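>>> Sequence first, predicted model second:
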Amino acid sequence: MKTTIGLTQARDLLQTREELLDAGHTAREICSLVAAGRLIRVRRDRYVETAAHDDLWSEGRHLIAVMAAHLNADPPGPVFWGPSAAVLLGLPLYRLVLDAVHTVILGARHGRTRAGVALHGVGIDDADIVEVDGIRCTSLERTVLDLACTTPPGAALSAADAALRRVAVEGHRQDPERAEDWHRRMSLRAAAVRCRGVRRARWILDFADGRAQLPGESVSRLQLHRIGFTGVELQPHVIGSDGDEYWIDFGFPRNRVFGEFDGQGKYLDPELRGARTAEDAVLAEKRREDDIRGVTGWRFARWEDRHVRTADALSARLQAFGVRPPA
């Protein structure tokens, strides 16, 4: 199972050439380790062990690249933009594989790429430059807007949902007033932008919902919309036979079916399953589903990441459970 890291871990995973030499490696051995694929040269004088790098989700890998670029820059360092700002702010990057770090050229009108760093000539207000552990990047709202304009819909919506969740959701409940205020602010931001992709961005920002807990749920909702589903309930609440409270990803009232995106993390990721074993997590999920079915009489339809890669794939999965959009 891939792992998630934060800024401190990203910094710790990076090793300088001097540190490798102090650890007993010779300059020739360092070159040999890179050539053999056991060590990755992230940037000049910054290395990471390949095994540790490969064990990370794409967000963690990019965070290491961002950290290396920051450490190699003269103070106060670059202002990271778009996907690179997103990893600093803890936003997901659904299925984005990045080969460059993204920064802003303050005051410039044209962008360029050099040595694995994409420099974007975009206008940034001072109020939209923030610091995360001493590293400068665009603000949360500006980053979401930039992602909505420049990344595929699944990635853009996942980031927007996560940002809205951060400001308007407690537990499983979204505060309507805070959500409405966020949508209003983002709508004003999008209305002031004149760039390629802004029309789609406005739709993404309007469609965002903070109740999505995982990128897979965000993308599921996007595909359900594309298939033609309307009136799908988000995070329906059920009281179990012994008073336990349950929240389910989706509800299809017309079909009397609950829908759940079944990410492997709930069973395999230690951070999500806590002290339970994978077997315990599976048994707990089975008991939960049995209790919900017992008190509601509704069936369950489950799907995985492979089913949300296209609208057709999710449609076929749901049809196998007898779940179809309204005619």
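Yes, it's here. Numbering: from 1, shown residues only.

>>> CA atoms only: put the longest helix along the chain into CSV for me.
Looking across the chain with DSSP state H, the single longest helix is helix 278-296. The C-alpha trace of helix 278-296 is given here as CSV (Å, rounded to 0.1, in the frame of the first residue of the first chain):
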residue,chain,number,x,y,z
ALA,A,278,-7.1,-5.9,7.5
GLU,A,279,-9.3,-8.9,8.4
ASP,A,280,-10.9,-7.0,11.2
ALA,A,281,-11.6,-4.0,8.9
VAL,A,282,-13.3,-6.3,6.4
LEU,A,283,-15.4,-7.9,9.1
ALA,A,284,-16.4,-4.5,10.6
GLU,A,285,-17.5,-3.4,7.1
LYS,A,286,-19.6,-6.5,6.7
ARG,A,287,-21.3,-6.0,10.0
ARG,A,288,-21.9,-2.4,9.2
GLU,A,289,-23.5,-3.2,5.8
ASP,A,290,-25.6,-6.0,7.3
ASP,A,291,-26.9,-3.6,10.0
ILE,A,292,-27.7,-0.9,7.4
ARG,A,293,-29.5,-3.3,5.1
GLY,A,294,-31.5,-4.7,8.0
VAL,A,295,-32.9,-1.4,9.3
THR,A,296,-33.5,0.1,5.8
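
>>> Report all helices and strands that that helix contacts.
Applying 3 or more C-beta pairs under 8 Å, 6 or more residues apart in numbering; DSSP states H and E, we find helix 278-296 packed against strand 237-239, strand 245-247, helix 265-268, strand 299-303. Placement of C-beta: from N, CA and C, glycine included.

>>> how about those, which one is nearest Gly121?
helix 265-268 (38.3 Å; C-beta to C-beta).

>>> I'd like the average pLDDT over that closest one.
Summarised as a single mean, pLDDT over helix 265-268 is 56.

>>> Can you pull out the low-pLDDT segments for the protein?
Residues of the chain that meet the criterion pLDDT under 70 lie in 107-113, 264-276.

>>> Where does the record place the domain boundaries for it?
When the chain is parsed with automatic domain parsing, its domains come out as 1-70, 215-320.

>>> The ones you listed: which one's closest to Ile105?
Comparing these under C-beta to C-beta, the one sitting nearest is domain 1-70, at 14.0 Å.

>>> First-to-last residue distance for the closest one?
28 Å (C-alpha to C-alpha, to the nearest Å).

>>> which residues touch stretch 218-231?
Outside stretch 218-231, the residues that touch it by C-beta atoms under 8 Å, 6 or more residues apart in numbering are 94, 153-154, 157-158, 161-162, 207, 209, 212, 232, 234, 249-250, 252-254, 259, 261, 303, 308, 310-311, 314-315, 318, 325-326.
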